[in-house]
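>>> Structure, please.
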Amino acid sequence: MQVGVGKAEIKSKALELFKKVSFSKTSVADIAASCGIGKGTVYLHFTSKKDILLAIIDERIANFSSTTIQAFRDQGLSSQEKVMFFFDRLVDEYFTVRELMFCDFESVQGKAVQEILRACRCYEESYTDLLVKLIPEAATARRHDRENLRLDIGMILDFVRGQIFLFMLMEDWNDRARLKATLAPIISRFWRALIESDRSLLEVLE
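As a prediction, the model looks like this:
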């Protein structure tokens, strides 16, 4: 039995297992065995297997935020290029989470999919908050308050998320490059509507 195994190593070993056999097929006992500890030690740090997954996603969101902020500070990139970078990385994040949760889609039951998507719902707000924070007020043609801007960006992200899941389920589960190419003109149009219009996105869509 290993001594001094902490949260970081448990997360690392769990991540290896999730990538290899999926979240759905990995048990807390599997994670404990991989760490060389008993299940009780895992529960000293995490309340459940889902709690470990969410901790991994927390770490990924922190890294996502850091790299995105760096890109938005790059004076050599246009506003459009920065936003495309954001959504390009967002697609990568969804593919990564998909790989951790499911691996082989055919082996996953619908209930498992619903459970994880609901658990991850709280993290979707993080992406909205980050993009709102990164957009300077001077970048928008209309001088609306930040809450209205947040609502508009939330609508864009909800639409993009829907397109990501529809593409994965109905088009191709693995073709990340074609998904990004499909999303690019859609995101570009939404972004122009947000930046150049004096109306809210809701008005534009109506």
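
>>> Next up, identify which helix or strand the residue lying closest to residue 96 once chain neighbours are set aside is on.
Leaving aside its chain neighbours, residue 96 sits nearest to residue 60 (6.9 Å; criterion: C-beta to C-beta, 6 or more residues apart in numbering). For every residue, glycine as well, the C-beta is placed using N, CA and C. Using DSSP states H and E, residue 60 maps to helix 49-72.

>>> what does residue 37 give?
Residue 37 belongs to no helix or strand, assigned by DSSP H and E.

>>> go on, the one 3 residues further on?
Using DSSP H and E, residue 40 maps to helix 39-45.

>>> quick one on the thing from earlier: correct me, but the residue nearest to residue 96 touches residue 94?
No: here residue 60 lies out of contact with residue 94, judged by C-beta atoms under 8 Å, at a distance of 10.9 Å.

>>> before we move on, the earlier item: pull the CA atoms of the helix holding residue 40 into PDB?
Extracted C-alpha coordinates of helix 39-45, given in PDB (Å, rounded to 0.1, in the frame of the first residue of the first chain):
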ATOM      1  CA  LYS A  39     -11.400   2.700  -1.100                       C
ATOM      2  CA  GLY A  40     -11.600   4.400   2.300                       C
ATOM      3  CA  THR A  41      -8.600   6.500   1.500                       C
ATOM      4  CA  VAL A  42     -10.300   7.700  -1.700                       C
ATOM      5  CA  TYR A  43     -13.300   8.700   0.300                       C
ATOM      6  CA  LEU A  44     -11.200  10.800   2.600                       C
ATOM      7  CA  HIS A  45     -10.600  13.100  -0.400                       C
END
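
>>> Please point out which parts of it sit buried.
Within helix 39-45, the residues that count as buried by 16 or more other C-beta atoms under 10 Å are 41, 42, 45.

>>> Contact partners for the first one?
The neighbourhood of residue 41, defined by C-beta atoms under 8 Å, 6 or more residues apart in numbering, consists of 5, 32, 35.

>>> do the same with the last one
With contact taken as C-beta under 8 Å, 6+ apart, residue 45 is in contact with 6, 7, 10.

>>> Next, count neighbours for residue 155.
18 (other C-beta atoms under 10 Å).

>>> The helix or strand that contains it - what's its average pLDDT?
Assignment of secondary structure by DSSP H and E places residue 155 within helix 146-166. Predicted confidence along helix 146-166 averages 82 (mean pLDDT).

>>> now stretch 75-93
88.

>>> buried sites along that stretch?
The neighbour-count check on stretch 75-93 (16+ other C-beta under 10 Å) flags 82, 83, 84, 85, 86, 87, 90, 91, 93 as buried.

>>> The closest residue in space to residue 179 that isn't next to it in sequence and residue 192: what is the separation?
Nearest residue to residue 179, sequence neighbours excluded (C-beta to C-beta, 6+ apart): residue 167, at 4.9 Å. The gap separating residue 167 from residue 192 is 22 Å, by C-beta to C-beta, to the nearest Å.

>>> Of those two, which one has the most company?
The neighbour comparison of residue 167 against residue 192 (other C-beta under 10 Å) goes to residue 167, with 19 against 12.

>>> what about the more buried one, distance to residue 186?
Distance from residue 167 to residue 186, by C-beta to C-beta: 11 Å.
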